[in-house]
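Q: No sequence on hand, only this structure:
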């Protein structure tokens with residue numbers, strides 16, 4: 001049992017940040033649920049929002065975990081009548097690792113989770129590095145979906161061509177030398193242990209202003225830190241494999257997708273360029289793109305959350 005922190009010894013903004021972080025940690029304790037899968041692996045998942053709301057299987061981004069919706073606020077999700085169910089992918093957060101898994105393996109896990117929760121149908125939403133999973137569900141289990149929504153979504157191996165030159169080089173090195181990916185993740189893991197002030201300074205250099213604005217408060221920084229550290233709490237192997245999946249051709253056929261797909265993407269996304277999203281939508285006949293010129297990779301989720309939420313429900 002965690003003890004309540006001594007808020008009397010701190011003041012001002014720091015008190016507010018630590019107070020919220022304490023309840024984030026409490027939420028972590030309450031929203032860490034486990035499902036034993038048929039192969040005896042443990043799948044960890046969290047739930048947010050309205051318990052009786054519209055069910056959404058939420059696929060977190062890269063270097064993240066099931067706690068990611070804390071950044072968008074539980075009360076916001078609840079006010080929109082949504083029930084977010086956010087699993088950790090294998091080897092990430094508290095979920096057991098699955099060697100050589102593909103997207104199709106994660107779809108099987110999702111079916112088991114939905115069955116365990118008594119959900120015949122649900123919507124799917126993937127953020128950034130979680131963007132491939134709604135597509136896999138749309139290809140493999142379309143009868144169970146109300147909607148498939150992708151926000152700031154990553155794409156398969158040929159996406160590298162759309163990245164800036166420095167990013168192209170970095171991704172090609174990671175693909176050719178997987179050990180470099182492991183080393184990079186271990187360094188990132190250490191960087192998340194810096195003080196809030198140091199972490200804010202680091203992120204200000206790494207993120208464009210529109211995305212940094214979403215994280216720059218001490219409260220958001222501490223939540224971001226918790227999520228990032230939790231994602232690699234069992235080691236970096238799961239996160240490394242998660243990244244490698246996007247450097248390969250996927251193990252399901254995009255040609256099987258017949259249901260509508262909804263893409264949301266920001267024009268100031270410096271992580272996954274809007275040009276890539278436009279190319280993806282051209283390749284997927286049932287996809288529709290909503291582009292927001294002034295939004296970034298993260299800001300679009302916060303600033304356009306209500307619009308995105310409506311797309312999860314309106315397909316019913």
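A: Received the coordinates, thanks. Being a predicted model, the structure only gives us computed values, none of them experimental.
Q: quick one: contacts for the nearest residue to residue 261 once chain neighbours are set aside?
A: In space, and not counting its chain neighbours, residue 261 is closest to residue 287: 4.1 Å by Cβ to Cβ, 6 or more residues apart in numbering. For every residue, glycine as well, the C-beta is placed using N, CA and C. By Cβ atoms under 8 Å, 6 or more residues apart in numbering, residue 287 lies in contact with 260, 261, 262, 263, 280, 281.
Q: how much space between residue 287 and residue 153?
A: According to Cβ to Cβ, to the nearest Å, residue 287 and residue 153 sit 10 Å apart.
Q: list the residues that contact both of these two?
A: Listed as contacting both residue 287 and residue 153 by Cβ under 8 Å, 6+ apart are 263, 280.
Q: Pipe the contacts of residue 287 into JSON lines and attach distance to residue 88, secondary structure and neighbour count per row.
A: Formatted as JSON lines, the contacts of residue 287 follow (distance: Cβ to Cβ, whole Å; DSSP: H, G, I helix; E, B strand; the rest coil; neighbours: other Cβ atoms under 10 Å):
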{"residue": "260", "distance to residue 88": "28", "secondary structure": "coil", "neighbour count": "15"}
{"residue": "261", "distance to residue 88": "24", "secondary structure": "strand", "neighbour count": "21"}
{"residue": "262", "distance to residue 88": "24", "secondary structure": "strand", "neighbour count": "21"}
{"residue": "263", "distance to residue 88": "24", "secondary structure": "strand", "neighbour count": "22"}
{"residue": "280", "distance to residue 88": "26", "secondary structure": "helix", "neighbour count": "25"}
{"residue": "281", "distance to residue 88": "29", "secondary structure": "helix", "neighbour count": "18"}
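Q: okay if I get those as a markdown table plus distance to residue 271 and pLDDT?
A: Formatted as a markdown table, the contacts of residue 287 follow (distance: Cβ to Cβ, whole Å; pLDDT from 0 to 100):
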| residue | distance to residue 271 | pLDDT |
| --- | --- | --- |
| 260 | 25 | 97 |
| 261 | 20 | 98 |
| 262 | 20 | 98 |
| 263 | 15 | 98 |
| 280 | 15 | 95 |
| 281 | 18 | 96 |
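Q: pLDDT weak spots in the stretch 101-250 of the chain?
A: Applying pLDDT under 70 to the stretch 101-250 of the chain picks out no residues at all.
Q: Tell me where it has strands.
A: Taking DSSP state E, counting those that start in this stretch to define them, one finds strands in the stretch 101-250 of the chain at 122-127, 145-151.
Q: helices and strands around the longest one, which ones?
A: Which is strand 145-151. The helices and strands touching strand 145-151, judged by 3 or more Cβ pairs under 8 Å, 6 or more residues apart in numbering; DSSP states H and E, are strand 122-127, helix 132-140, strand 261-266, helix 305-313.
Q: Need the contact partners of it.
A: Here strand 145-151 makes contact (Cβ under 8 Å, 6+ apart) with 54, 121-128, 131, 134-135, 137-138, 259-265, 300-301, 308, 311-316.
Q: Could you pull out the helices in the stretch 1-150 of the chain for me?
A: Applying DSSP state H, counting those that start in this stretch to the stretch 1-150 of the chain gives helices spanning 12-30, 74-79, 103-116, 132-140.
Q: right, I mislabeled it, should have said the stretch 201-316 of the chain
A: Assigned by DSSP H, counting those that start in this stretch, the stretch 201-316 of the chain shows helices spanning 209-215, 218-231, 237-244, 274-283, 299-303, 305-313.
Q: Could you list the residues in contact with the third one?
A: Helix 237-244 is touched from outside by 62-63, 89-92, 95, 97, 101, 129, 174-175, 178, 181-182, 185, 231-232, with contacts defined as Cβ under 8 Å, 6+ apart.
Q: List buried residues within those.
A: Buried by 16 or more other Cβ atoms under 10 Å: 62-63, 89-92, 95, 101, 129, 174-175, 181-182, 185, 231-232, out of the contacts of helix 237-244.
Q: Packed most tightly, which of the strands of the stretch 101-250 of the chain would that be?
A: Counting by mean count of other Cβ atoms under 10 Å, strand 122-127 has the highest mean neighbour count of the strands of the stretch 101-250 of the chain, with a mean of 26.
Q: tell me the pLDDT at the closest residue to residue 69 other than its chain neighbours?
A: Excluding its sequence neighbours, the residue lying closest to residue 69 (Cβ to Cβ, 6+ apart) is residue 48, at 4.6 Å. The model reports residue 48 with a pLDDT of 95.
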